[in-house]
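*Asks:* this one's structure only:
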């Protein structure tokens, strides 16, 4: 497993983590076993949110990490409609209760809503002073929103920007990733395999992935993860709802793509135009 420093924190976090969007729809025992196996394999980054299953994903994560909390870099998110100063503090306490822990390693605003960012950031800083969160960040933020957050909070406060990023959706490479690298902000890719539309061998891109995977005795999904995390600022959180998925995801970090292979993937999945927004969740 490969580890990198996560934004301005001192923590070394596994480049490939475990996401839990739609986790509650998975077979419960298998999903919890997948998280536990991920920890055994060195995946210490687990991401969840109060939104997921109306808190049920957090409860499942809490069950999975029971007795192993210190092994985990644990991330959760507050919904924008809860993100007033008082609402953020209340939401955080709810997440901590469902997760069965006294702290989050990173707490994110799930996406930009209508409530003032100043209140959200004040709450984050208060929660940090109290030790309930160790760092904070944002999710689904584009450049104007990142700039606004930076203006309010100052340098070195934003730990992470969690955004949609996969082979078919690479728009963050235009400006968001460079901005985050300039300001020392980690980038976490959610839905790195897309939404049920991962490239198949019937497509040009899918054939390219399969050919490279065969050369490495790997899988196409492992090749995709390796490509997406080729920049040191980028982490990925694919969902692993079965132990088999956890093993596959963890093993992706054993791959080392050549420059020619990276160029082939880049050609097969063109960067495309810059997008002004992306979402969710």
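*Replies:* Everything's here; your move. All values reported here derive from a predicted model rather than from experimental measurement.
*Asks:* what bits of this protein have low per-residue confidence?
*Replies:* Residue ranges of the chain with pLDDT under 70: 274-281.
*Asks:* And for it, the residue most distant from the center?
*Replies:* residue 202 (28.9 Å; C-alpha atoms, centre = their mean).
*Asks:* and it, helix, strand or coil?
*Replies:* Here residue 202 is recorded as coil under DSSP: H, G, I helix; E, B strand; the rest coil.
*Asks:* Kindly provide the distance from it to residue 113.
*Replies:* Relative to residue 113, residue 202 is positioned 40 Å away (C-beta to C-beta, to the nearest Å). Any C-beta I mention is one placed from the backbone N, CA and C, and that applies to glycine too.
*Asks:* Just to be sure, residue 163 is in a helix?
*Replies:* No. Counting by three-state DSSP, one finds residue 163 to be strand, located in no helix.
*Asks:* wait, what's in contact with residue 79?
*Replies:* Taking C-beta atoms under 8 Å, 6 or more residues apart in numbering, we find residue 79 in contact with 49, 50, 51, 91, 110, 113.
*Asks:* Going along the chain, name the helices of this structure.
*Replies:* 28-40, 56-65, 85-99, 117-129, 143-153, 176-182, 204-216, 220-228, 243-251, 259-268 (DSSP state H).
*Asks:* and the closest residue to residue 208 other than its chain neighbours, what is it in contact with?
*Replies:* Excluding its sequence neighbours, the residue lying closest to residue 208 (C-beta to C-beta, 6 or more residues apart in numbering) is residue 268, at 4.2 Å. Neighbour list for residue 268: 204, 205, 208, 209 [criterion: C-beta under 8 Å, 6+ apart].
*Asks:* now do 10 Å
*Replies:* Residue 268 is in contact with 167, 199, 203, 204, 205, 206, 207, 208, 209, 212, counting by C-beta atoms under 10 Å, 6 or more residues apart in numbering.
*Asks:* All set, thanks.
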